[in-house]
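Chemist: Compute the structure for the input listed below.
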Amino acid sequence: MTAYTRRAEGYPLVDFLTEHAQVLSIALFLLICVVFFSVGTDTFLTAGNILNVVRQAAPILVVAVAMTFVITTGGIDLSVGSQVALINAVAAIAIAAGWDWPVVTVAMLLLGAAVGYAQGWFISYQGIPAFIVTLAGLSILRGIALYLTQGYSIPIRDVPGFFWIGRGQLLGVPVPALIAVAVAILGVVVIARTRYGRQVVAVGSNAEAARRVGMPAKWVIASVYLVAGVASALAGLLIAARLGSGSSNAAVGFELQVIAAVVLGGTSLMGGRGTILGTILGTLTIAVIGNGLILMHISPFFTQIVTGAIILAAIWLNTRIFTANFRFGGSARRRTK
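Modeler: Residues are numbered from 1 along each chain as shown. Okay, the predicted model is just below:
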């Protein structure tokens with residue numbers, strides 16, 4: 001008789017751990033960080049500090065959710081920090097000039113969409129690598145912000161409705177955190193439950209195959225940068241509303257924190273796999289580390305070293321372990337006649 005082999009049925013727990021390895025690993029790492037800083041400081045677990053952490057993490061999470069879509073397509077957006085700075089500065093200038101803040105808010109979201117789509121057009125329809133386009137955007141957009149403000153901070157005065165977006169609370173929870181949670185929930189629904197989300201994953205897995213089966217691959221790629229532009233605009237508004245000013249120096253190094261959060265959360269740099277839950281955990285990890293180091297009176301500049309090390313470790317795990325048929329248990333095989 002012909003001999004054949006059949007993979008034995010896996011243990012449910014092992015299969016679950018294998019499927020969710022990266023999300024579980026970042027959740028464990030976050031828990032370790034929380035315990036470490038709780039033991040190392042007396043103020044880390046206080047209600048005031050926790051609210052401060054989630055308030056500061058909100059702009060990062062908003063953009064990180066959008067960056068998850070970008071990286072899932074196999075792209076990258078290095079310009080998000082400069083986009084935040086541009087929106088931050090232009091919003092302050094417009095409000096200082098007497099524009100109503102709701103009008104400014106809508107206008108800034110549209111401006112962010114336009115900037116994001118312009119970059120996406122060059123990437124998708126002109127075939128220029130995303131790294132090059134967004135690196136150029138990083139310089140151009142920050143330069144425009146510097147030119148408009150001449151390097152000065154633009155104060156925003158007497159706009160309580162606008163300030164509420166960045167400083168207010170609802171049922172004891174900071175409004176920026178609620179906005180970030182809403183964006184994250186929307187991201188989960190879109191990437192997991194909608195046709196567009198499936199197209200993003202498909203294009204990231206194989207853009208040519210997606211195109212051949214009728215998907216608008218080029219539009220999908222361009223659209224994720226549009227989404228990143230809108231998210232960056234929202235983050236810029238949140239920061240302006242919280243600080244009460246706009247500055248061309250806002251969000252310096254912001255793109256590193258966003259990319260670190262996304263990659264640390266398990267989204268593949270090769271494209272084709274993204275997880276919003278992992279992005280949320282990655283964002284909280286970055287925020288907790290930054291806050292904890294400050295509470296321990298360690299130089300804030302050390303945070304950059306830690307962030308860089310996290311990015312390197314996350315990329316190593318991303319490309320060397322979790323993509324190499326990683327399993328927590330062996331795949332038993334049995335021979336039957």
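
Chemist: Where does the prediction get shaky in this protein?
Modeler: Within the chain, the ranges that satisfy pLDDT under 70 run 1-11, 13-20, 314-315, 317-337.

Chemist: surely Y225 meets G116?
Modeler: Yes. Counting by Cβ atoms under 8 Å, Y225 does reach G116; the two are 4.6 Å apart. All C-beta spots, glycine's among them, are computed from the backbone N, C-alpha and C.

Chemist: Give me the spatial nearest neighbour of the residue positioned nearest the centre of the chain, chain neighbours excluded.
Modeler: Geometric centre of the chain, nearest residue: A64, 0.9 Å, by Cα atoms, centre = their mean. Leaving aside its sequence neighbours, A64 sits nearest to A261 (Cβ to Cβ, 6 or more residues apart in numbering; 4.5 Å).

Chemist: After the one helix or strand A58 maps to, which helix or strand is next? Please name it.
Modeler: Using DSSP states H and E, A58 sits in helix 47-72. Past helix 47-72, further along toward the C-terminus, the next helix or strand under DSSP H and E is helix 80-96.

Chemist: What residues of that next one count as buried?
Modeler: Taking 16 or more other Cβ atoms under 10 Å as the neighbour-count basis, helix 80-96 is seen to contain the buried residues 80-95.

Chemist: Show residues contacting stretch 147-157.
Modeler: Stretch 147-157 has contacts (Cβ atoms under 8 Å, 6 or more residues apart in numbering) with 89-90, 92-93, 95-96, 162-163, 240-241, 244-249.

Chemist: ok, those vs V230, which is closest?
Modeler: For the contacts of stretch 147-157, the closest approach to V230 (Cβ to Cβ) belongs to V90, at 14.7 Å.

Chemist: Is it correct that that closest one is in contact with S247?
Modeler: No. At 11.4 Å, V90 does not count as touching S247 under the criterion of Cβ under 8 Å.

Chemist: quick revisit: quick one: the residue nearest to the centre of the chain and T279 touch, right?
Modeler: Yes. With contact defined as Cβ under 8 Å, A64 reaches T279; the gap is 5.0 Å.

Chemist: shared neighbours, these two?
Modeler: A261, V262, G265.

Chemist: Tell me how far stretch 228-241 lies from the chain's centre.
Modeler: 12 Å (Cα atoms, centre = their mean, to the nearest Å).

Chemist: thinking again about what came up before, now, the shared contacts of A64 and T279 that are in helices?
Modeler: A261, V262 (DSSP state H).

Chemist: The helix holding A58 versus helix 80-96: what angle between them?
Modeler: Computed by axes from the mean of the first three to the mean of the last three Cα atoms, to 10 degrees, the angle separating helix 47-72 from helix 80-96 equals 120 degrees.

Chemist: can you tell me how far the spatially closest residue to I221 that is not a sequence neighbour sits from A96?
Modeler: Leaving aside its chain neighbours, I221 sits nearest to S124 (4.1 Å; criterion: Cβ to Cβ, 6+ apart). Note on S124: its distance to A96, by Cβ to Cβ, to the nearest Å, is 36 Å.

Chemist: returning to that earlier point: would you mind giving me the ChimeraX syntax to select the buried ones in the shared contacts of A64 and T279?
Modeler: Typed into ChimeraX, the next command selects the buried ones out of these (criterion: 16+ other Cβ under 10 Å):
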select :261,262,265
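
Chemist: Tabulate the shared contacts of A64 and T279 (a markdown table), appending distance to G48.
Modeler: Shown next, in a markdown table, are the shared contacts of A64 and T279 (distance: Cβ to Cβ, whole Å):
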| residue | distance to G48 |
| --- | --- |
| A261 | 24 |
| V262 | 28 |
| G265 | 27 |
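
Chemist: Pick out whichever of the shared contacts of A64 and T279 sits closest to S299.
Modeler: A261 (21.7 Å).

Chemist: tell me the contacts of the closest one?
Modeler: Neighbours of A261 in contact, by Cβ under 8 Å, 6+ apart: I60, L61, A64, M67, T279, G282, T283, T285, I286.

Chemist: Adding distance to G75, write these out as a markdown table.
Modeler: Shown next, in a markdown table, are the contacts of A261 (distance: Cβ to Cβ, whole Å):
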| residue | distance to G75 |
| --- | --- |
| I60 | 19 |
| L61 | 20 |
| A64 | 15 |
| M67 | 9 |
| T279 | 15 |
| G282 | 18 |
| T283 | 19 |
| T285 | 23 |
| I286 | 21 |
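
Chemist: Drop anything exposed from these.
Modeler: Buried among the contacts of A261 by 16+ other Cβ under 10 Å: I60, L61, A64, M67, T279, G282, T283, T285, I286.

Chemist: G253 against Q304, yeah?
Modeler: Yes. Using Cβ under 8 Å as the test, G253 is close enough to Q304 to be in contact (6.7 Å).

Chemist: In terms of neighbours, single out the busier of these two.
Modeler: Q304 (14 against 11; other Cβ atoms under 10 Å).
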